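In: Any chance you can model this:
(chains A and B)
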2 protein chains.
Amino acid sequence: MKDQTMKLYSMPSSGNSYKVRLLLALLGRHDVPCIDVEYGSATLEQAHAEKRLPFGKAPVLELDDGTLLPESNAILAYLGKDSRFVPNDPLAQAQMLSWMFWEQNQHEGVIAVRAALLTYPHRKAQATPERLAELLVSGNGLLQIMDDHLSTRDWLLGNNASLADICLYAYTHTAETRGGFDLTPFPALRGWIGRVAALPGYVGL
Amino acid sequence: MKDQTMKLYSMPSSGNSYKVRLLLALLGRHDVPCIDVEYGSATLEQAHAEKRLPFGKAPVLELDDGTLLPESNAILAYLGKDSRFVPNDPLAQAQMLSWMFWEQNQHEGVIAVRAALLTYPHRKAQATPERLAELLVSGNGLLQIMDDHLSTRDWLLGNNASLADICLYAYTHTAETRGGFDLTPFPALRGWIGRVAALPGYVGL
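Out: Model prediction:
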C-alpha cells in the first residue's frame, strides 16, 4: 500500500503505537510521518479537537483522502497486507488474527495495564497493591500461554514472523522493565523476544 | 469454507459464542454442530481436560484435522471469508477490523462485563455499586460512539451488514436486558439493532 501522504498519530510511550512504527520500520517504510500525541501534549489536545482520533485513542492512521483508521491491529492488517508478515493460507490468517484479538482482549488489558499503572502519573491512583497483585497473577498466566506455545516453535505461527509476533512483542518486551514481571521462568518467550529484536530493520520503542 | 466435520465449542449464555452462531445461521450453515460448554457444566470441564480451549475460553472452532481456532472474531473472519459479510476493498476490510478490535478491547470489557457481573452468580462478588456505576458511565460513552456513527448510516461500514455489525450486535442487543443500560437516548443504535434482527436467517441468542 503506497500512499505518500499518509501519516500516523502515534503516542511515543504506547506499545499500541509502537507496534505500528515497528511494522513500518520492518517494511522499510520511512516515508510515513509520525505526529506525536503524548499524554498531556498540545498535539494530543489538537488531535482530539480536530476529531482525528475516532475512538478517542492513538494510534490512528490518516490516509491521503482524510480517512481515519483507528485501532493498532487494524492498522497492522492494512499496512501489512500482501507483505511477508501475512501468511497466504486462510487458516493461517485466521490463526494470526486469533493471537491479535487475544492480545487486545486479554494480554493488553493485563500486561499493558500493569505497566501503565506503574509508569503513568495520571494512573497512579488506581495502582493499589491489591490491583497490582491481581494483574501480576493474571499476567503470569498469559505469559505462560505464550511460553508454552513458543516452546516448540520460533514464531507464533508458521515458520516466519507475522503480524501476530509484531503485535504481541509490543507489550511483552517491556513486561519486565515497565510492567514489573519477571521473565526468568519463561525461557521460550525470552528467546522469541530476541528473535523479534533481530529482525532486519528492527527499531526499538 | 465447506468443512462437514468442523464443530463449535459454544457457551450458550455468551455473546462471544452467540456471534459465531449468528454468522453460521446468516450463512445458512446448519451443518456445524455446537458443543455446549456452559459455566459449571461437565462438557466445559471435559473441554478443558482435553485441551480443546487453547486460551481457556469459548468459543473455539475445531476443524476436521483437529486444528483449534480460538477467539470469536477470528472465527468470524475465517467462516465469513469470501462471503457477503466481508467487503472486497482492503481499506473497508481494515475498517471492519477496526470495529472488531475496538469491540474486543473496549466494548466487550465494559458492556459485556457489566452484564456478566449482573447475571453470573460466580461474578457477583465483583458487582460492587462503585464498579457497576463506573461501567455504566464508560458503557454509555461507548454506546454514544456507535450511536453517533450510525446516525448517518445504516451499517457500521459501507451499505451492507458486515462482520463488524454481527460482532458488535452480540453484546449491544443485550445491553439493556442484561447489562442494565438504557438505550432510549440512542435512537440510531436502536434502529441498527432492529436492522440486524431483520437479516434473513437471523437467530436470537
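In: so what does the one helix or strand A:Ala115 maps to touch, helix or strand wise?
Out: Using DSSP states H and E, A:Ala115 sits within helix A:113-119. Using 3 or more Cβ pairs under 8 Å, 6 or more residues apart in numbering or on different chains; DSSP states H and E, the elements in contact with helix A:113-119 are helix A:129-150. In this view, the C-beta of every residue, glycine as well, is placed from N, C-alpha and C.
In: Put the alpha carbons of the helix it packs on into PDB.
Out: In PDB, the C-alpha atoms belonging to helix A:129-150 read as follows (Å, rounded to 0.1, in the frame of the first residue of the first chain):
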ATOM      1  CA  PRO A 129      -1.300  -3.100  45.900                       C
ATOM      2  CA  GLU A 130      -4.300  -5.400  45.500                       C
ATOM      3  CA  ARG A 131      -4.800  -4.400  41.800                       C
ATOM      4  CA  LEU A 132      -1.100  -4.800  41.100                       C
ATOM      5  CA  ALA A 133      -1.000  -8.200  42.700                       C
ATOM      6  CA  GLU A 134      -4.100  -9.400  40.800                       C
ATOM      7  CA  LEU A 135      -2.500  -8.200  37.500                       C
ATOM      8  CA  LEU A 136       0.700 -10.000  38.300                       C
ATOM      9  CA  VAL A 137      -1.100 -13.300  38.700                       C
ATOM     10  CA  SER A 138      -3.200 -12.900  35.600                       C
ATOM     11  CA  GLY A 139      -0.200 -11.600  33.600                       C
ATOM     12  CA  ASN A 140       2.000 -14.600  34.500                       C
ATOM     13  CA  GLY A 141      -0.800 -16.900  33.300                       C
ATOM     14  CA  LEU A 142      -0.900 -15.100  30.000                       C
ATOM     15  CA  LEU A 143       2.900 -15.100  29.600                       C
ATOM     16  CA  GLN A 144       2.800 -18.800  30.400                       C
ATOM     17  CA  ILE A 145       0.400 -19.400  27.400                       C
ATOM     18  CA  MET A 146       2.900 -17.700  25.100                       C
ATOM     19  CA  ASP A 147       5.900 -19.500  26.600                       C
ATOM     20  CA  ASP A 148       4.200 -22.900  26.300                       C
ATOM     21  CA  HIS A 149       3.200 -22.200  22.700                       C
ATOM     22  CA  LEU A 150       6.700 -20.900  21.800                       C
END
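In: just the residues of chain A that are near chain B, which are they?
Out: Neighbours of chain B within chain A, by Cβ under 8 Å from any Cβ of the partner chain: A:1, A:54-56, A:63, A:67, A:69-75, A:77-78, A:81, A:90-91, A:93-95, A:97-98, A:100-102, A:104-106, A:108-109, A:145.
In: count of residues packed around A:Ser83?
Out: Residues lying near A:Ser83 (other Cβ atoms under 10 Å in any protein chain shown) number 14.
In: sorry, back to before: buried residues in the helix holding A:Ala115, which are they?
Out: Across helix A:113-119, burial judged by 16 or more other Cβ atoms under 10 Å in any protein chain shown covers A:113-117, A:119.
In: Which of those residues sits closest to chain B?
Out: Chain B has its nearest neighbour among the buried residues of helix A:113-119 in A:Val113, at 10.5 Å by Cβ to the nearest Cβ.
In: Is the closest one in contact with A:Leu135, as I believe?
Out: Yes: judged on Cβ atoms under 8 Å, A:Val113 makes contact with A:Leu135 at a distance of 6.4 Å.
In: re earlier: pick the one among the buried residues of helix A:113-119 closest to A:Leu23.
Out: A:Ala115 (20.6 Å; Cβ to Cβ).
In: Let me see the contact set for that closest one.
Out: Going by Cβ atoms under 8 Å, 6 or more residues apart in numbering or on different chains, A:Ala115 touches A:15, A:171, A:174-175, A:178-180.
In: likewise A:Thr119?
Out: A:13, A:178 are the contacts of A:Thr119 under Cβ under 8 Å, 6+ apart.
In: buried subset of the residues of chain A next to chain B?
Out: A:54-55, A:69-75, A:77-78, A:91, A:93-95, A:97-98, A:100-102, A:104-106, A:108-109, A:145.
In: Now intersect those with the strands, please.
Out: Members of those lying in strands (criterion: DSSP state E): A:69-70.
In: Where helices are concerned, which of the buried ones among the residues of chain A next to chain B count?
Out: Applying DSSP state H to those, the entries found in helices are A:72-75, A:77-78, A:91, A:93-95, A:97-98, A:100-102, A:145.
In: Excluding sequence neighbours, find me the nearest residue to A:Val37.
Out: The spatially closest residue to A:Val37, leaving aside those adjacent along the chain, is A:Leu44, at 4.1 Å (Cβ to Cβ, 6 or more residues apart in numbering or on different chains).
In: Roughly how far does that neighbour sit from A:Gly80?
Out: A:Leu44 sits 26 Å away from A:Gly80, going by Cβ to Cβ, to the nearest Å.
In: Looking at the two, which one has more neighbours?
Out: A:Gly80 (22 against 19).
In: Quick check: the two most widely separated of the ones in helices among the buried ones among the residues of chain A next to chain B?
Out: Within these, two members stand farthest from each other by Cβ to Cβ: A:Tyr78 and A:Ile145, at 27.1 Å.
In: What spatial separation is found between A:Leu22 and A:Thr119?
Out: 19 Å.
In: sorry, back to before: so what's the residue nearest to A:Val37 up against?
Out: A:Leu44 neighbours (Cβ under 8 Å, 6+ apart): A:11, A:37-38, A:58.
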